[in-house]
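**Student:** below is the structure, and that's it, no one-letter string:
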């Protein structure tokens, strides 16, 4: 018995193949709903379903008043573990700074810090007590006028509270990144653990990162930095999956 493939899937398959073959290149306009109706002799409902399927896969995106276009893939590349190397005359630089430089893109960073108390989850990750004072820093990073990440980090004030890095968003070392900042107070960060989760963005993340309502997931990374086994910072960072490529190259011993 032959299996019938719905018409909208056939249309989506055809457009997908044209995108992947390069016939429809990144940034190219894809056929509109009306053009699909005429070319494939289908209803508006079927045409909309075909375009929706491609949007949900993250292959195309709509621009109000202009139509749908093949999604642009960002040249931003995040390398691991090389990005944590202590290099350069000024010491370690924030990862986003290196990535923007490599991609030839201007970068803007918004960050703000405040003192708060550790929640149960933060306390567990930092190996401190619930309610212990921590600095909480929120980050928002834009490259080439497009949001590329947002996040929040926590550092135990028992370690940094009386130092020049107590407020991560301020002070003479704010632009150095976590490894460089802790180097300045004699705390040698020698390990970082990252846990990656690919999921759909929540409404707040979608709004902050200017993401479409459907189709594009985020890569959510839970990070914890340690100095000789002692957690000194933990963070939750979210990246739109279509704006970053995560590349891992590690030695085999």
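**Tutor:** Thanks, I have the structure now. This is a predicted model, so every value here is computed, not measured. Numbering: from 1, shown residues only.

**Student:** shaky segments in the stretch 151-253 of the chain?
**Tutor:** Scanning the stretch 151-253 of the chain for pLDDT under 70 picks out 213-215.

**Student:** hey, where'd the strands end up in it?
**Tutor:** Assigned by DSSP state E, counting those that start in this stretch, the stretch 151-253 of the chain shows strands spanning 191-199, 218-227, 230-240, 245-248.

**Student:** please identify the most buried of those.
**Tutor:** Mean neighbours per residue, mean count of other C-beta atoms under 10 Å, is largest over these for strand 230-240, with a mean of 21. The C-beta positions use only the backbone N, C-alpha and C, and glycine is treated the same way.

**Student:** adjacent strands (with direction) for it?
**Tutor:** strand 146-156 (antiparallel), strand 218-227 (antiparallel) (DSSP bridges).

**Student:** now the shortest one against strand 191-199, angle please.
**Tutor:** Regarding strand 218-227 and strand 191-199, their directions subtend 170 degrees when assessed with axes from the mean of the first three to the mean of the last three C-alpha atoms, to 10 degrees.

**Student:** which residues sit against strand 218-227?
**Tutor:** 125-126, 153, 178-179, 182, 187-201, 205, 209, 211, 231-241, 244, 246 (C-beta atoms under 8 Å, 6 or more residues apart in numbering).

**Student:** swap in the longest one?
**Tutor:** Contacts of strand 146-156 from elsewhere in the structure, counted by C-beta under 8 Å, 6+ apart, are 74, 76, 96, 118, 122, 125-126, 128, 132-142, 168, 178, 205, 208-210, 223, 231-240, 243-244.

**Student:** kindly recompute the last result at 6 Å.
**Tutor:** Strand 146-156 is contacted by residues 122, 126, 128, 134-141, 208-210, 233-239, 243 when judged by C-beta atoms under 6 Å, 6 or more residues apart in numbering.

**Student:** just stretch 32-43 next, same as before
**Tutor:** With C-beta under 6 Å, 6+ apart as the criterion, stretch 32-43 contacts 7, 11, 47, 48, 67.

**Student:** quick one, domains of the protein?
**Tutor:** 7-70, 77-248 (automatic domain parsing).

**Student:** now the strand or helix carrying residue 50: mean pLDDT?
**Tutor:** Assessed by DSSP states H and E, residue 50 sits inside helix 44-56. The average pLDDT for helix 44-56 rounds to 88.

**Student:** after that helix comes which helix or strand?
**Tutor:** According to DSSP H and E, the helix or strand after helix 44-56 is strand 60-63.

**Student:** quick one: buried residues of that following strand?
**Tutor:** 60, 61 (16 or more other C-beta atoms under 10 Å).

**Student:** list the helices and strands that strand packs on?
**Tutor:** strand 67-70 (3 or more C-beta pairs under 6 Å, 6 or more residues apart in numbering; DSSP states H and E).

**Student:** for the strand it packs on, what is the average pLDDT?
**Tutor:** Strand 67-70 shows an average pLDDT of 88 in the prediction.

**Student:** what does that strand rub up against?
**Tutor:** 19, 24, 26, 27, 28, 29, 30, 32, 51, 60, 62.
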